[in-house]
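Q: Provided below for reference: sequence and predicted model.
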Amino acid sequence: MQVSNDHDGNEGNEDVLNGGAAGRLSPEAAAMLPPQDEAKLPPTSRWLRKRVGWNEMVSESLYHPVPRHTSIADLLGMFTLIAFVNEVVTGIILLFFYHPTSAAAWASMHALIATPAGRLLRGLHYWGANAMIVLVGAHLLRVVFIAGYKKPRELQWISGILLLALTIGLGFTGYLLPWDQQAYWATMVGTSIPRYAPVIGPWIVQVMRGGPWINGATLGRFFAVHVMLLPLLLALVLGGHVYMVMANGQTSVERELPEGYREKHKLGDTSDFPASGFRPFWPYTVAQMVGGMLIVLAVIVALAMIYPAPLLNAAEPLNQSNYNPIPVWYFDWIYQLLKMTPPALDSTIMIYFPTVGGIFLILLPWLDRNKFWQPVRRKAAMTVTGVLTVGVLVLTYVGINSGAPLPATAAIAKPSFSANIEPIFRAQCAQCHMINPPLGGLNLGTYAGVMKGGIFGAAIKPGDPAGSLMIQALEGKSTKVPQMPFGLAPLPKGDIQTIANWIKEGAPNN
C-alpha cells in the first residue's frame, strides 16, 4: 500500500475509510482496513514496515474486498494449497528415513511403518497426494463452471492446467518409491503409455525407465524428479498462479464488484473499497479459509489413521505371478477405455486422445467465444464438460473395480498361426514386440521373427510347449524373463493353451 504525501489525498482516503462524506463503507469494514496514516499503524506493523517493507501486493492480498457470503467452492484452490503444504512437510520428514536404492527402498519404508508415528507419517503423505489430485481436478471443474478462463484470465487458466499436470506427475513419480509389488507393476503399466507414441515412443520409455524395464536406475530417476524437479516447477507455477489471482481478482468476487472497479483500482489501494455487501479478506474470509483447511487436514489424518498407506511385498521384477498389475487409480479411466475398444485404436486412446484433450483445455479461453459466463447460458460448454466428467468418473469406478480375473477363453485344439496365434500376439504383445526395435529382440510381428527368437534364445521349441521360453514366460515360470505380457494382466488361460497347442503341433506356418 503506497502512502501519499499529498495532504488532500490522505484526507480524502481517511474520509472514505472512516465512513464519512463518501459514506461507502460499513463501520465493520472500515474497522478492518489499515489506516492510511503510517503513524496510526500498530507498533509491530510500523517495525516490520521499516525493515521488510509493505508493498501493494501484501495489502491487496489481505484487504481486497470479498462478498459477505462466499461459497465453499471458491476456496478449493486454497484447500489444494494446504494439501501441497502437507506433501512438502511430510515429504521432507520422509527424506530422513528413505533410502532411494532398489536394494534398500522397500526395507526403509517397512522399518518406518513398524512404528505408529511412522505409519501415520507415510499415511499423511500418501493420502495427501491423492487428496491433492482430487482437489486440483475439482478446482479445475469449478473454474470451467463459472467460466473463470475468460479474458483477462487466459494465462491464469493455462497455469492451472500446468498445475494439474505437475500434480499428476508428482503422484505418479512418487508411487514407485516404496518399491513394493504394487508400486513396481503399477509403474510398469504407467510407463508403457508413451510406447504408443509414433517414432519416439520406445525412446521415451527407455529414458523414463533407464532400460527396457524398471530397475534401480528408474527408481533413482523417479526419486530425483519427485523430490527436486517437479516440486520446484510446481512452486514456480503456483507462485505465478497466485500472483495472477491477486492481480486479476477472484472470478466469482469480481463479478459482484461495482462496474468499472477493476479498471480504476490500484493494487494495494483500500480507498476505493466498495459499498456495503463486502468485507475485507482479512480476517473474515481468512478465518473461513483456515477452518476449511483444518477440515481438509482432518480428513487426511482420519484416512491415514483408518486406512494406512499400503505396502505389499518387496518388488520382484522377475516374478509377477503373485501380483496382478494394475495402474494407478487416476489412470484407470484410460485403461478401462482401452479394454473396451479394438486393439487398432490403442494408439488413439493412449496418446492422441489425451494429447488432443490437453491442447483443447489450453486453448479453451480462445475456443469458447460465448460472451456469457453463467452456466445456464453456456449450454454447449456445460454439456461437453458434464459428459466428459461423468464419463471419466464412471470409467475410473469401473476400472478400479475390474480387478476380477479375465474371462476365460476356450482353447483351440488345432490352431492356425495366421488365424489364431498371430491375432493373440497383435492384441496382447504388440506394444513391446511389434515395434522397432522389439523388446528383448523378439519380433512377434512375423512368423520368421517368432521362430528366430530374441536375446534370450529361442522363444519356442516346436513340439515341446513346456520347454518353450514363450510358454514359461506367459505362465510366470521363467527364470530368464519376467511374466509376460510385461507390465500388463496375464493372458487368459485359454489363449496360453492355444499357443501351447500350436507349439505341440510343431509350430507350423499355417
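A: Thanks, I have the structure now. Residues are numbered from 1 along each chain as shown.
Q: pretty sure R122 contacts A114?
A: No - in this structure, R122 is not within contact of A114 by C-beta atoms under 8 Å, at 11.0 Å. For every residue, glycine as well, the C-beta is placed using N, CA and C.
Q: how about low-confidence regions in the stretch 251-400 of the chain?
A: Where the stretch 251-400 of the chain drops to pLDDT under 70, the residues are 268, 275-276, 318-325, 343-344.
Q: Please enumerate the strands of it.
A: 278-280 (DSSP state E, counting those that start in this stretch).
Q: Can you show me the helices along it?
A: Taking DSSP state H, counting those that start in this stretch as the criterion, the stretch 251-400 of the chain carries its helices at 251-254, 261-264, 286-306, 332-339, 346-347, 353-367, 379-400.
Q: Can you dump the C-alpha atoms of the longest one in PDB for me?
A: Extracted in PDB, the C-alpha atoms of helix 379-400 (Å, rounded to 0.1, in the frame of the first residue of the first chain):
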ATOM      1  CA  LYS A 379     -25.300 -25.000 -22.600                       C
ATOM      2  CA  ALA A 380     -22.800 -26.400 -25.100                       C
ATOM      3  CA  ALA A 381     -19.800 -25.900 -22.700                       C
ATOM      4  CA  MET A 382     -21.700 -27.300 -19.800                       C
ATOM      5  CA  THR A 383     -22.900 -30.300 -21.800                       C
ATOM      6  CA  VAL A 384     -19.500 -31.200 -23.000                       C
ATOM      7  CA  THR A 385     -18.000 -30.700 -19.500                       C
ATOM      8  CA  GLY A 386     -20.700 -32.800 -17.900                       C
ATOM      9  CA  VAL A 387     -20.500 -35.700 -20.400                       C
ATOM     10  CA  LEU A 388     -16.700 -35.900 -20.100                       C
ATOM     11  CA  THR A 389     -16.700 -35.600 -16.300                       C
ATOM     12  CA  VAL A 390     -19.300 -38.300 -15.900                       C
ATOM     13  CA  GLY A 391     -17.500 -40.500 -18.400                       C
ATOM     14  CA  VAL A 392     -14.100 -40.200 -16.700                       C
ATOM     15  CA  LEU A 393     -15.700 -40.900 -13.300                       C
ATOM     16  CA  VAL A 394     -17.700 -43.900 -14.500                       C
ATOM     17  CA  LEU A 395     -14.700 -45.400 -16.300                       C
ATOM     18  CA  THR A 396     -12.500 -44.800 -13.200                       C
ATOM     19  CA  TYR A 397     -15.000 -46.500 -11.000                       C
ATOM     20  CA  VAL A 398     -15.400 -49.500 -13.400                       C
ATOM     21  CA  GLY A 399     -11.600 -49.700 -13.800                       C
ATOM     22  CA  ILE A 400     -10.900 -49.700 -10.100                       C
END
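Q: Tell me what angle it forms with helix 353-367.
A: Relative orientation of helix 379-400 with respect to helix 353-367: 160 degrees, computed using axes from the mean of the first three to the mean of the last three C-alpha atoms, to 10 degrees.
Q: And the contacts of helix 379-400?
A: 141, 144-145, 147, 327, 329-330, 332-337, 368, 370, 375 (C-beta atoms under 8 Å, 6 or more residues apart in numbering).
Q: Now for M350, how many residues are close by?
A: 22 (other C-beta atoms under 10 Å).
Q: centre of the chain versus stretch 383-393, how much separation?
A: Centre-to-centre, stretch 383-393 and its host chain are 18 Å apart (C-alpha atoms, centre = their mean, to the nearest Å).
Q: Report the buried residues of it.
A: Under the neighbour-count criterion of 16 or more other C-beta atoms under 10 Å, stretch 383-393 has V392 buried.
Q: rewinding a little: select from the contacts of helix 379-400 the one having the most neighbours.
A: Highest neighbour count within the contacts of helix 379-400: P327, with 26 neighbours (other C-beta under 10 Å).
Q: Apart from its chain neighbours, what residue comes closest to that residue?
A: Excluding the flanking residues, the one nearest P327 by C-beta to C-beta, 6 or more residues apart in numbering is V189, at 4.4 Å.
Q: circling back: now render the helices of the stretch 251-400 of the chain as JSON lines, adding distance to F278.
A: Formatted as JSON lines, the helices of the stretch 251-400 of the chain follow (distance: least, C-beta to C-beta, whole Å):
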{"stretch": "helix 251-254", "distance to F278": "9"}
{"stretch": "helix 261-264", "distance to F278": "10"}
{"stretch": "helix 286-306", "distance to F278": "14"}
{"stretch": "helix 332-339", "distance to F278": "41"}
{"stretch": "helix 346-347", "distance to F278": "53"}
{"stretch": "helix 353-367", "distance to F278": "27"}
{"stretch": "helix 379-400", "distance to F278": "29"}
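Q: Most tightly packed of those helices?
A: Across the helices of the stretch 251-400 of the chain, averaging neighbours per residue (mean count of other C-beta atoms under 10 Å) puts helix 332-339 on top, at a mean of 18.
Q: neighbour count winner among R122 and A114?
A: In terms of neighbours (other C-beta under 10 Å), R122 is the more surrounded of R122 and A114; the figures are 24 against 9.
Q: What helix or strand is that one located in?
A: helix 116-145 (DSSP states H and E).
Q: can you pull the buried residues of the first helix or strand past that helix going along the chain?
A: Going down the chain from helix 116-145, the next helix or strand is helix 154-175, by DSSP H and E. For helix 154-175, burial by neighbour count (16+ other C-beta under 10 Å) applies to 154, 156-175.
Q: Mind listing residues that contact helix 154-175?
A: 87, 129-130, 132-133, 136-137, 139-140, 143, 148-149, 183, 186-187, 190, 222-223, 225-226, 230-231, 233-234, 237-238, 240-241, 244-245, 248, 328, 330, 358, 361-362, 364-366.
Q: ok so, going back, just give me the closest of the contacts of helix 379-400 to M208.
A: Using C-beta to C-beta, P327 comes nearest to M208 of the contacts of helix 379-400, at 14.9 Å.
Q: Tell me the spacing between the closest one and G171.
A: 12 Å (C-beta to C-beta, to the nearest Å).
Q: cool, and F223?
A: Counting by C-beta to C-beta, the gap from F223 to G171 is 14 Å.
Q: ditto for Y184
A: 16 Å.
Q: need the contact list for K480.
A: Each residue near K480 by C-beta under 8 Å, 6+ apart is listed here: 456, 469, 473.
Q: Phi first, then psi, for it.
A: phi -90, psi -40 (degrees, to the nearest 10).
Q: now A500, nearest residue through space, not along the chain?
A: Closest to A500 by C-beta to C-beta, 6+ apart is P465, at 3.9 Å.
Q: for H64, same thing?
A: The nearest residue in space to H64 (C-beta to C-beta, 6+ apart) is F281, at 5.3 Å.
Q: The one you found reaches S59, doesn't it?
A: No - in this structure, F281 is not within contact of S59 by C-beta under 8 Å, at 10.5 Å.
Q: So for these two, which residue has more residues nearby?
A: Neighbour count, other C-beta under 10 Å: between F281 and S59, F281 has more, with 21 against 18.
Q: That one: what's it in contact with?
A: F281 sits next to 61-66 when contact means C-beta under 8 Å, 6+ apart.
Q: Identify, from the residues you listed, the entry nearest to I93.
A: S61 (28.9 Å).
Q: check which helix or strand covers the closest one.
A: helix 56-63.
Q: Can you report how many residues lie near the residue nearest to V296 when sequence neighbours are not counted?
A: Leaving aside its sequence neighbours, V296 sits nearest to F79 (C-beta to C-beta, 6+ apart; 4.9 Å). Counted by other C-beta under 10 Å, the residues lying close to F79 total 24.
Q: L177 too?
A: L177, neighbours per other C-beta under 10 Å, totals 21.
Q: Pull up the per-residue confidence for it.
A: pLDDT recorded at L177 is 95.
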